[in-house]
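*Asks:* Pasting the sequence and the predicted coordinates here, then a few questions.
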Amino acid sequence: MFGVILSAAFLVFILITSAHFLHRGVGDMRDALRQTGMFLLNRAPVGLVDLFKDNDGNGSKTWIQYGSVWLVVSAIGGFLASWHHYDPTALDSLASIGWSWDDGSAMKTFNQTTLYAAVFSILLGGCLMAHSRANGGRLASEANAAMMGFAWFGITFVSLMLPIFIDVGPFETSLIGMVYAALIASILVNLLITNASTSDSTSVSSWFLIMGLISMAFALVIRFMAELAGSTQIIWMANAILDGWVPLALIFAVGYHIIPTTTGRPIWSGSLTKASMLLLFVTVSPFFLSKSADSTLIQSVAAILVTMGLFPILAASTNLLATTRGDAGSIFQEPGALAVAAGALLLPIFAILAFFTGLNVMVGDASLDLVASTVNMGYLYTIGGLFSLGVIFSLYPAASGNKLAGRSASLATWFVIVGGLFSTIVSLMGNWMFIEISPLVEEATYENVSGFSLTASVGFYLVTIGMLMTTGIVAKTAFSRTPYKFEIPGETDVSEYHLTQGETSIRKLLSRGVGLDSNLVIGASQEEEGGSTVIAVATELHNDEVTEFPVHFEPALVELTKWLAGRGTTARQFFEWADVDNSGSMDLFEFSNALRVAEIADLPPWDIEKLVHAMDLNSDGSIDLPEIDIHLMGIRNALDIEFIEYVEEETETEEPNEEISSGSEVQTEENNDNSEPEDVVEEENVEENAVDYSLSNLNKMKKAELVELATSLEIDATGTKKDLVDRINSKV
């Protein structure tokens, strides 16, 4: 008992310490730790990491692809196990090659191992993608993350093959777990260095991911030590963490990224977010519970913690589903988001079933062990499968760089939803029937409830087909030649959004559901019924959610803003000058030519495309006047760039601002002689030791220069530029 209390206290201390340093940083040790970590990621083990590409998203892609392999294996194994309940002799023909079917325990262990490997690998790959999106777009070492994914696949394969050659017991299993712990430690170093690369706050998905992996590494280590010491209580705690906390942490991390990204809405409630995060790591999950210690005190405490373990599940599911409110259309149009939303909807149902059956196994007579096993496997296949599909359909295209291939993603999602739920319900009915007839029928077997077994097998066949289709989509997407393009939803039903004092950007507003036609209310707050107070925008632009898309300004656009502001040129004037064909929009060539002629930047086409994408709000591939005006105004306000107003000579025959000539005439001149636009060329026709006070030269001078000249001539320096020109001209 003392060992369990000490281990639990030590785990809480590690989590609190990790959260503190993750939020506050490590001060002066940051650079040293970063250099040490990068050395370990890129140089250890020597030479092996060089075999893997360091491209953006490669780590996430590798984990998802290897997880898809296990997804197929587990789906086929699950169908074979389900069918064998109906026909125990179905595989007897394989006896000639050494196959022998025992009581089904070997197949159950095989399915649970491969399914856990599939769900963990795919969800971790999705979490890596979400973490990199929130921290600059890539991991600190994509190559190392890919190598860890390959190593995880290899170790899992070896662990499945070992029983053929040796007897694998709990000690051998825990020893393999130590190798897994080393891989998790490498992933954690990668995540922490990535998180430290930006000054943005840690996202909700990143919190769940990092805390979940820390707990996993801790559980693997203490399970090995407990096996050496023979402490069954600590082993029980370690298994509860591995089978309960870790999958749920990854599920929540994926859900809290995919749902807000798809709907373009903020997470509904910050309070529920914090509750799901905090309570998950201080309670006991109701899934995969086993017999606890004989101590009455430990059983009572464990039962209370299991009861409390329902709260983070209910909080997270409610929060995710509420985030989709009023925008269900975008969920049904996106198969990945549909899979995640369906998983969030079904998760509380499986949790409640697991709670009642798991308590019977943990502190009762274990008479419902068969029912609990069905619920747990149904949870992994259905909920784990749905969230895995969500990762593949929503995040795998970004990781692979290719657009999602195939048109069967939605069908595969519905197959898993219907098949998983149907087969679980029918299997539970068969389990209850088997439990009821066991006392009445001597040596009762599954043949006595074969009808339920057959129906459940047919239902599970849909799950198998859905997962096979999903793996096919992964393969097609990997070899697709259509590039992936991440798009923030441009249409929204958010008619009004309230802002307070602070800083923001258009991209941040769009990522939170604000559309081009939404009304922005400054200096007010709004209390939404049943949700959180919508008070934006402070520096982080969140009241109860996470900054998923960090914003930075492209250096070339910053230089363009400074160039225009220093000459008193508005975005409209620049746009009219650069729009050579008067089409009302700037294409890549026109924008590139304008930057080159103005001597702001001479960039290659791919960099120009990046700049255009940063301003292209409606994703039409070109820049409209409102888009460049909004973006440059945001840069000017954020960086406090002073706009020097250039006052034109007011005449009836001239346009309000003639200093930038629009149309193809000026563009033709600049193409011939590479000269700057007329609005920014200040011709100084001043001879040495002499000043030309002609009217034309005075009109070309800036107002600040006229004020200085008027002061030197002892003339009144107040009024407009025209007044100053008239006074100086009459004086001289």
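*Replies:* That came in fine, so what should we check first?
*Asks:* What helix or strand is Ile14 located in?
*Replies:* helix 2-24 (DSSP states H and E).
*Asks:* helices or strands next to the following helix or strand past that helix in the packing?
*Replies:* Reading on from helix 2-24 to the C-terminus, the next helix or strand found by DSSP H and E is helix 30-43. Secondary-structure packing of helix 30-43 (3 or more CB pairs under 8 Å, 6 or more residues apart in numbering; DSSP states H and E): helix 142-165, helix 170-195. The way it works is simple: take the backbone N, C-alpha and C, and place the C-beta from them, glycine included.
*Asks:* on that earlier part again, angle of the helix holding Ile14 against helix 170-195?
*Replies:* Between the axes of helix 2-24 and helix 170-195, defined by axes from the mean of the first three to the mean of the last three CA atoms, to 10 degrees, the angle is 20 degrees.
*Asks:* Please tabulate the helices and strands packed on helix 30-43 in CSV, including the columns mean pLDDT and distance to Ala240.
*Replies:* Output for the helices and strands packed on helix 30-43, formatted as CSV (pLDDT from 0 to 100; distance: least, CB to CB, whole Å):
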stretch, mean pLDDT, distance to Ala240
helix 142-165, 93, 21
helix 170-195, 93, 14
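*Asks:* Which among the ones you listed is found nearest to Ala478?
*Replies:* With distances scored as CB to CB, the stretch of the helices and strands packed on helix 30-43 nearest to Ala478 is helix 142-165 (13.6 Å).
*Asks:* List the contacts of that closest one.
*Replies:* Helix 142-165 is touched from outside by 41-42, 48-63, 66, 69-70, 106, 110, 113-114, 117, 121, 125, 128, 139, 168, 172-173, 176, 179-180, 183, 186-187, 190, with contacts defined as CB atoms under 8 Å, 6 or more residues apart in numbering.
*Asks:* mind running it again at 7 Å?
*Replies:* Outside helix 142-165, the residues that touch it by CB atoms under 7 Å, 6 or more residues apart in numbering are 41-42, 48-49, 52-59, 62-63, 66, 110, 113, 117, 121, 128, 139, 168, 176, 179-180, 183, 186-187, 190.
*Asks:* picking up where we left off before, helices or strands next to the helix holding Ile14 in the packing?
*Replies:* On a contact count with 3 or more CB pairs under 7 Å, 6 or more residues apart in numbering; DSSP states H and E, helix 2-24 meets helix 204-229, helix 232-240.
*Asks:* CSV please, covering the ones you listed and showing mean neighbour count.
*Replies:* CSV is the format used below for the helices and strands packed on helix 2-24 (neighbours: other CB atoms under 10 Å):
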stretch, mean neighbour count
helix 204-229, 22
helix 232-240, 21
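*Asks:* Out of those helices, which is closest to Leu588?
*Replies:* The nearest among the helices and strands packed on helix 2-24, by CB to CB, is helix 204-229 at 34.0 Å.
*Asks:* and the angle from that closest one to helix 232-240?
*Replies:* Going by the same axes, to 10 degrees, helix 204-229 is angled at 150 degrees with respect to helix 232-240.
*Asks:* Point to the residue nearest the middle of this structure.
*Replies:* Centroid-nearest residue in the chain, with CA atoms, centre = their mean: Ala130, separated by 2.3 Å.
*Asks:* which outside residues touch the helix holding Ile14?
*Replies:* Contact with helix 2-24 is made by 195, 202, 210-211, 214-215, 218, 222, 231, 233-234, 237, 281, 298, as judged by CB under 7 Å, 6+ apart.
*Asks:* go with 6 Å
*Replies:* Ile214, Phe218, Ile222, Ser231, Gln233, Ile234, Met237, Phe281 (CB atoms under 6 Å, 6 or more residues apart in numbering).
*Asks:* Same question for stretch 408-416.
*Replies:* For stretch 408-416, the surrounding residues in contact (CB under 6 Å, 6+ apart) are 335, 338-339, 385-386, 389, 393, 462-463, 465-466, 469-470.
*Asks:* Just the CA coordinates for that stretch, please, in PDB.
*Replies:* C-alpha atoms of stretch 408-416 as PDB (Å, rounded to 0.1, in the frame of the first residue of the first chain):
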ATOM      1  CA  SER A 408     -14.700   6.500 -49.800                       C
ATOM      2  CA  ALA A 409     -13.600   8.300 -46.700                       C
ATOM      3  CA  SER A 410     -17.200   9.200 -45.600                       C
ATOM      4  CA  LEU A 411     -18.400   5.600 -46.300                       C
ATOM      5  CA  ALA A 412     -15.500   4.100 -44.300                       C
ATOM      6  CA  THR A 413     -16.400   6.400 -41.400                       C
ATOM      7  CA  TRP A 414     -20.100   5.300 -41.400                       C
ATOM      8  CA  PHE A 415     -19.000   1.700 -41.700                       C
ATOM      9  CA  VAL A 416     -17.000   2.000 -38.500                       C
END
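*Asks:* Distance from the chain centre to that stretch, please.
*Replies:* 22 Å (CA atoms, centre = their mean, to the nearest Å).
*Asks:* Over to stretch 138-147?
*Replies:* Its chain's average C-alpha position is 16 Å from that of stretch 138-147, according to CA atoms, centre = their mean.
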